[in-house]
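Asks: Here is a sequence with its predicted model. Questions after.
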Amino acid sequence: MPPLLVVAGALVNRAGLVLMHRRPPGKHLEGLWEFPGGKVEIGETPPAALARELTEELGVSICDSAFQPCGFAHEMRDFSPPQPPRGIVLLLYSCRIWTGIPAPLEGGELGWFAIRQIESLELAPLDRVLLGQLRAGFGG
Ligand SMILES: Nc1nc2c([nH]c(=O)n2[C@H]2C[C@H](O)[C@@H](COP(=O)(O)OP(=O)(O)OP(=O)(O)O)O2)c(=O)[nH]1
């Protein structure tokens, strides 16, 4: 079974704040903060998948070319038997240009945070790794 490929976006506004999404109740990793995004579907490029996910999840429009690759993280994820464990790979892109005002369309919560504030949020595990890479890209 190939790994599950997931994409996430760090939307950075003019004040340098980054948009974070809190996963809604009833979902895997409920209540934890993440960079918004979701799974890449068959036949999609990662930027196209991210543009689609951010439209579905936040209601914003973003051109694929506005995404800059800025990090990745991976781990093995356990599923309930008889499903075998499966790898998950999460790709992070940053983006400064979009149209529309982000809104939590899928029942989660949104917030704009300085990178240093994101450190103290309860983050999903892979997003914690991505945050370190994003911070390094911002100059520490
Ligand atoms: N952002 C993030 N996602 C993770 C981590 N670990 C992990 O298994 N995932 C999974 C949860 C989801 O299955 C997938 C993210 O895609 P998604 O946001 O579209 O998934 P979802 O919860 O809406 O859908 P589902 O899993 O309930 O089918 O990645 C992690 O540390 N961070």
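Replies: Great, that's in hand.

Asks: Which of the helices or strands spans the residue in the chain that the ligand sits nearest to?
Replies: Residue of the chain nearest the ligand, by CB to the nearest ligand atom: Gly38 (2.7 Å). C-beta coordinates here come from the backbone N, C-alpha and C atoms, glycine included. Using DSSP states H and E, the element containing Gly38 is strand 37-39.

Asks: In contact with the spatially closest residue to Glu122 that is not a sequence neighbour, which residues?
Replies: Closest residue to Glu122 apart from its sequence neighbours, by CB to CB, 6 or more residues apart in numbering: Leu32 at 5.5 Å. With contact set as CB atoms under 8 Å, 6 or more residues apart in numbering, Leu32 has these partners: Arg22, Arg23, Glu122, Leu123, Ala124, Asp127.

Asks: confidence score at Leu32?
Replies: At Leu32, the pLDDT value in this model is 98.

Asks: returning to that earlier point: return the members of the contacts of Leu32 classed as buried.
Replies: Buried by 16 or more other CB atoms under 10 Å: Arg22, Arg23, Leu123, Ala124, Asp127, out of the contacts of Leu32.

Asks: can you list the weak-confidence ranges in the protein?
Replies: Within the chain, no range satisfies pLDDT under 70.

Asks: which bits of it sit near the ligand?
Replies: Listed as neighbours of the ligand in the chain under the rule CB under 6 Å from any ligand atom: 6, 8, 27-29, 34, 38-39, 77, 88, 90, 124-127.

Asks: Which members of the residues you listed are positioned in strands?
Replies: Among these, the members found in strands (DSSP state E) are Val6, Ala8, Glu34, Gly38, Lys39, Arg77, Ile88, Leu90.

Asks: May I have the beta-bridge partners of the first one?
Replies: Which is Val6. For Val6, the beta-bridge assignment (DSSP bridges) gives partners Lys39, Leu90.
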